[in-house]
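> whatever this is, show me its structure:
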Amino acid sequence: MEIRPLPYDAQALERFRLEGPFLWLWEAAAIECVLGAGTPSTDVDLALCAASDVPVYRRKGGGGAVVLSPGCLIITACYDGKRKQFATQWIDPIAQAIARAIASLGLPDVRVRGLGDVALGERKILGSSLYANRELALYQGSLLVDSDLDLIPAYLPHPSKEPDYRGGRSHLDFVTSLARAGYRGSMSDLIQALARELRQV
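Modelled structure (predicted):
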């Protein structure tokens, strides 16, 4: 199965060229699998994706494989890359901003874990990636709001690499969603809270 470049990368880079720094937050419209820049293709079930007509993409940024689906909020934030000396200086402030936004909506025990993950307690709700050069820092995160979590083990084998706090847990023992944690607000309320914090990074 062909693994294509993630189209959102090209769209974001072109938007930065035309507009400069921006935020772009939207709900996934269909099921897609996305690999990080250095993630092996075996971290996605390519045969099932081909049989199910689910596209598989590879993004410019790092991080592991993810399944995007309705109920998943995609966070794209593009910043002026000259503001920080090292690319790694972006991940933690952005993750902390996202954690603050989620906590402001009443969700308990919001934590930044691993390298840019956001979790509720020990369960991951957001994974992220970063692509940076001398001009820009392109952050991408996928936030599990009210998506079908069963799609994750269906399309993704156990990852080839995992953060220490995962402790070998299966996908469904490791992740949760905002809805499962009790969030009953709207997607627009969530987007507003995230945008407010991300603009301050």
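> strands of this structure, residue ranges please.
According to DSSP state E, the chain carries its strands in the segments 4-5, 22-27, 32-35, 56-58, 66-68, 72-80, 110-113, 117-120, 123-132, 136-144.
> and those as TSV, adding distance to residue 181, mean neighbour count and mean pLDDT?
Backbone N, C-alpha and C define where each C-beta goes, glycine included. TSV is the format used below for the strands of the chain (distance: least, CB to CB, whole Å; neighbours: other CB atoms under 10 Å; pLDDT from 0 to 100):
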stretch	distance to residue 181	mean neighbour count	mean pLDDT
strand 4-5	34	10	98
strand 22-27	18	16	98
strand 32-35	24	24	98
strand 56-58	28	19	98
strand 66-68	19	26	98
strand 72-80	14	21	97
strand 110-113	10	19	97
strand 117-120	5	24	98
strand 123-132	8	23	96
strand 136-144	10	24	97
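> kindly reformat these as JSON lines containing distance to residue 50.
Formatted as JSON lines, the entries for the strands of the chain read as follows, by distance: least, CB to CB, whole Å:
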{"stretch": "strand 4-5", "distance to residue 50": "13"}
{"stretch": "strand 22-27", "distance to residue 50": "25"}
{"stretch": "strand 32-35", "distance to residue 50": "11"}
{"stretch": "strand 56-58", "distance to residue 50": "9"}
{"stretch": "strand 66-68", "distance to residue 50": "15"}
{"stretch": "strand 72-80", "distance to residue 50": "21"}
{"stretch": "strand 110-113", "distance to residue 50": "33"}
{"stretch": "strand 117-120", "distance to residue 50": "29"}
{"stretch": "strand 123-132", "distance to residue 50": "24"}
{"stretch": "strand 136-144", "distance to residue 50": "22"}
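> relative to residue 179, which of the ones you listed is closest?
Counting by CB to CB, residue 179 lies closest to strand 136-144 out of those; the figure is 8.5 Å.
> how much space between residue 86 and residue 78?
Here residue 86 is placed at a distance of 17 Å from residue 78 (CB to CB, to the nearest Å).
> is residue 45 in contact with residue 153, as I believe?
No. Taking CB atoms under 8 Å as the definition, residue 45 is not a contact partner of residue 153, at 9.7 Å.
> higher neighbour count, the two?
In terms of neighbours (other CB atoms under 10 Å), residue 45 is the more surrounded of residue 45 and residue 153; the figures are 20 against 15.
> what ranges do the helices span in this protein?
Per DSSP state H, the chain has helices spanning 7-19, 46-52, 91-104, 151-155, 171-174, 187-198. These are given in chain order.
> who are the packing partners of the longest one?
Applying 3 or more CB pairs under 8 Å, 6 or more residues apart in numbering; DSSP states H and E, we find helix 91-104 packed against strand 110-113, strand 117-120, strand 123-132, strand 136-144, helix 187-198.
> residue at max distance from the center of this structure?
Here the chain has its C-alpha centre computed as a mean, and the residue farthest from that point, by CA atoms, centre = their mean, is residue 51 with 24.9 Å.
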